[in-house]
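Undergrad: Sequence below, structure please.
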Amino acid sequence: MISNILEGSGFNSTEAQDIFLLEMKALKYFQFEGVLPECLELENIERNENEIHYYWKSNSDIAECPDCHKVSQRERKDYKRKSIQDIASEGFAVYHDIASKRWYCDNPECRTRIFVERFYEYIEEKQRKTIRFIKRCMNIALTCGGLGAERELRAEGSAICDDTILRYVKTAGAEATKSNLTRDDVRILSVDDFNTRKGDSSSGCTVFIDQETHKVLIIVKGTTKEVAQCIIEKFPSAEFLSRDRSCSLSAAGDVFGKIQVADRFHLIQNIHKAVEDSLMTEMPSNIFIREGDGWVNIKQESDTSDIFTVPEEDLEKRIKLAGLTANKAEKYRNTLKMLELSDRGQRSADIAKALGISLEAVRVLRRSAASTIREVQDKIAHRIDKYPENSKGQGKPPADGIRKTLGPNPGPAHKSIVEPYREIVVEMWNSGKSHHQIHPIIVEKGFTGCGAAVYQYICKLENEDPCVLTRKMKQKKPDSFDKQEAKDLQDLSLEKVTRNSVYKSILKEGKSARIKDGQSEDESISGSVSVNQKEAIIVSEKEAPSIKPMKSKKPAMAKYSPLDPEILDLMYGKDEVQTEDEVQSESKEDDGTVKKTRFMKK
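TA: Numbers count the residues shown, from 1 in each chain. Predicted structure coming up:
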């Protein structure tokens, strides 16, 4: 005790007691001012390994009866102690051991004769925590959940579990819901439905929000007209009902004569759907944009649409200059023909029949049309950069190839390691055999060289004595690429644009136009539009089927909920009333004798 320490320091008992009382008053003023009632006096402090206990005693002169609220001045001269937990301090759990006075109630009509004084502003009745500590628990729980709040508070030194924290949150939520249902200042009631489990309509719930304050009023189970009616009835002051396209919400609003409002989100959604439907019917999924002078535009008298094609002569010239293989050339022809038939309005099945290919092949051509035309153009451009000026008909002479094979200074043929097998090599080469076929034959005769030596030997013989070899070596045909002709080709390009890209561009242009007119981006997206129900809903309500209602049976944990039974009936629906026959049958089921008989039969 502090007074004992002071006495041991040289102070007498009176001085030590005075200093101790002054210390207690100073501690109460600086540390607990506004936290605990003024009528409490700090008597002592104790601290152990994990906790700090502050001992308080009441010195009040009057007290109010908790039942009849009459002020009493007759105290009973005894106390009731209660330990209250407060916010932790410096890693220690803080407890206030409060000795509250007992009082007599002077009201003869009151059923309470003796009561204990309450401190409602600081400590709730039947609670073991201060109000500020409970608020701190809820604030942390709303940020990081029950388990996270428990970890945070235990790290500070408080002793509390997550179940207690969540109970505080639920109790506060129940009080807020009860208060919301008694409000008479709600002017715009916003309603929407959602599923607690995504894609499961049986888990549908309806949420009611005050549109002006954007605060949730209540969330009820079910999405039917009856469920909405029960809640709308609680807000007679609401003039407007903001809702989506649900038929059940529309019918509930008609019952009470509310002015129905379509929120801007669903109006914009309706407009988007109308634009998308128009694009689906009027525009193909892929749009091909042609650029360059290589396209020939054919005007039709019967139709205002343009048809773009490439002349046959120009087509073959491009295939030749690009050096396409037979398969790639066929693909190039089919691609251009497919584009022409598409411009004429033919479907993919008709195009496949006209080209003599499968429907899937037409789809492949359509997907790769832009890349196919770009690839041909790139090949021609690459060959223009590769070949020198005036390279028409120029090819590499055979001698250049031989010199590259033999090297800059080839030796004579008679010094080659193949010379001993000259007759076999010449005979087989003239009969049409290749050096790959000659090599294994002379290996069997004792040759130890490689196949390249055989090929070089043949090249030397053809260079030194051409008369010996009656079969000439194949030379690469001269390239017929005409660079000037390739440069004179007109540009030909194709760009594929999807229908979704066009739709996004339309939205982007519309957004830019709104911003230019002076309307901010936030104003163009958020908010709601108050219009008449018949004028607001663009898409018919018949297109929006209502969600199937859930069963009105309350969950098993509802009996532990801090909500009032009336609010629980609103949120989950009233339980079905059982008939007398059903009650009697259930009582027979619960009878011990019957259960025992059934058990014995099994």
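Undergrad: how about the longest strand seen in the chain as PDB, C-alpha atoms only?
TA: In the chain, assigned by DSSP state E, the strand with the most residues is strand 75-89. Output of strand 75-89 as PDB, limited to C-alpha atoms (Å, rounded to 0.1, in the frame of the first residue of the first chain):
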ATOM      1  CA  GLU A  75     -29.500   4.700   1.900                       C
ATOM      2  CA  ARG A  76     -29.100   1.300   3.500                       C
ATOM      3  CA  LYS A  77     -25.600   1.800   4.700                       C
ATOM      4  CA  ASP A  78     -24.200  -1.200   2.900                       C
ATOM      5  CA  TYR A  79     -22.600  -1.700  -0.500                       C
ATOM      6  CA  LYS A  80     -22.500  -4.100  -3.400                       C
ATOM      7  CA  ARG A  81     -19.200  -4.600  -5.100                       C
ATOM      8  CA  LYS A  82     -18.900  -5.200  -8.900                       C
ATOM      9  CA  SER A  83     -15.800  -5.600 -11.000                       C
ATOM     10  CA  ILE A  84     -15.800  -3.700 -14.400                       C
ATOM     11  CA  GLN A  85     -13.200  -4.000 -17.100                       C
ATOM     12  CA  ASP A  86     -11.900  -0.900 -18.800                       C
ATOM     13  CA  ILE A  87      -9.500  -0.200 -21.700                       C
ATOM     14  CA  ALA A  88      -6.000  -1.700 -21.100                       C
ATOM     15  CA  SER A  89      -3.200   0.500 -20.100                       C
END
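Undergrad: tell me which residues of it are tucked away?
TA: Under the neighbour-count criterion of 16 or more other CB atoms under 10 Å, strand 75-89 has Glu75, Tyr79, Ile84, Gln85, Asp86, Ile87, Ala88 buried. (Each C-beta comes from the backbone N, C-alpha and C, glycine too.)
Undergrad: partners of the third one in the sheet?
TA: It refers to Ile84. When bridges are called by DSSP bridges, Ile84 pairs up with His96.
Undergrad: now the strands for the stretch 351-500 of the chain?
TA: Remark: strands assigned in the stretch 351-500 of the chain by DSSP state E, counting those that start in this stretch are 493-498.
Undergrad: follow-up on the earlier one: contacts for the longest strand of the chain, please.
TA: 35, 52-53, 57-58, 63, 93-104, 114, 116, 123, 127-130, 132-133, 136, 153, 156-160 (CB atoms under 8 Å, 6 or more residues apart in numbering).
Undergrad: how about Leu355, what does it touch?
TA: Asn334, Lys337, Met338, Val362.
Undergrad: tell me the secondary structure for the most centrally placed residue in the chain?
TA: The chain has Lys198 as the residue nearest its centroid, 12.8 Å off, counting by CA atoms, centre = their mean. Of the three states, Lys198 takes coil under DSSP: H, G, I helix; E, B strand; the rest coil.
Undergrad: Can you tell me how far it is from Gly204?
TA: Separation of Lys198 from Gly204 (CB to CB, to the nearest Å): 12 Å.
Undergrad: Asn139 too?
TA: From Asn139 to Gly204 the distance is 31 Å (CB to CB).
Undergrad: wait, which of the buried residues of strand 75-89 is closest to Val418?
TA: Nearest to Val418 among those, counting by CB to CB, is Ala88 at 99.0 Å.
Undergrad: how about the spatially closest residue to that closest one that is not a sequence neighbour, what does it touch?
TA: Distance criterion CB to CB, 6 or more residues apart in numbering; nearest residue to Ala88, sequence neighbours excluded, is Gly157 at 3.6 Å. Shown in contact with Gly157 (CB under 8 Å, 6+ apart): Asn50, Ala88, Ser89, Glu90, Gly91, Phe92, Ala93.
Undergrad: swap the cut-off to 6 Å and go again
TA: Ala88, Gly91, Phe92, Ala93 (CB atoms under 6 Å, 6 or more residues apart in numbering).
Undergrad: In TSV, list those residues along with pLDDT and secondary structure.
TA: Shown next, in TSV, are these (pLDDT from 0 to 100; DSSP: H, G, I helix; E, B strand; the rest coil):
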residue	pLDDT	secondary structure
Ala88	92	strand
Gly91	90	coil
Phe92	92	strand
Ala93	93	strand
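Undergrad: Any quick PyMOL command for the buried ones out of those?
TA: Selecting only the buried entries of these in PyMOL, with 16+ other CB under 10 Å as the criterion:
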select buried, resi 88+92+93
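Undergrad: export the contacts of Gly157 to a markdown table and tack on distance to Leu40?
TA: Below are these laid out as a markdown table (distance: CB to CB, whole Å):
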| residue | distance to Leu40 |
| --- | --- |
| Ala88 | 20 |
| Gly91 | 25 |
| Phe92 | 20 |
| Ala93 | 20 |
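Undergrad: Lys221: which of the contacts of Gly157 is nearest?
TA: For the contacts of Gly157, the closest approach to Lys221 (CB to CB) belongs to Ala88, at 39.0 Å.
Undergrad: Next, find the distance separating the closest one from Asn12.
TA: Per CB to CB, Ala88 is found 37 Å from Asn12.
Undergrad: again with Lys511
TA: Lys511 sits 85 Å away from Asn12, going by CB to CB.
Undergrad: Tell me which of those two has more neighbours.
TA: Higher neighbour count among Lys511 and Asn12: Lys511, with 14 against 10, using other CB atoms under 10 Å.
Undergrad: Can you check what angle separates the helix or strand the more buried one falls within from strand 493-498?
TA: Of the helices and strands defined by DSSP states H and E, Lys511 is found in helix 499-516. Between the axes of helix 499-516 and strand 493-498, defined by axes from the mean of the first three to the mean of the last three CA atoms, to 10 degrees, the angle is 80 degrees.
Undergrad: quick one: buried residues of helix 499-516?
TA: Buried, per 16+ other CB under 10 Å, within helix 499-516: Arg499, Tyr503.
Undergrad: Wait, Glu46 touches Tyr55, no?
TA: No: contact criterion CB atoms under 6 Å: Glu46 and Tyr55 do not qualify, at 7.4 Å.
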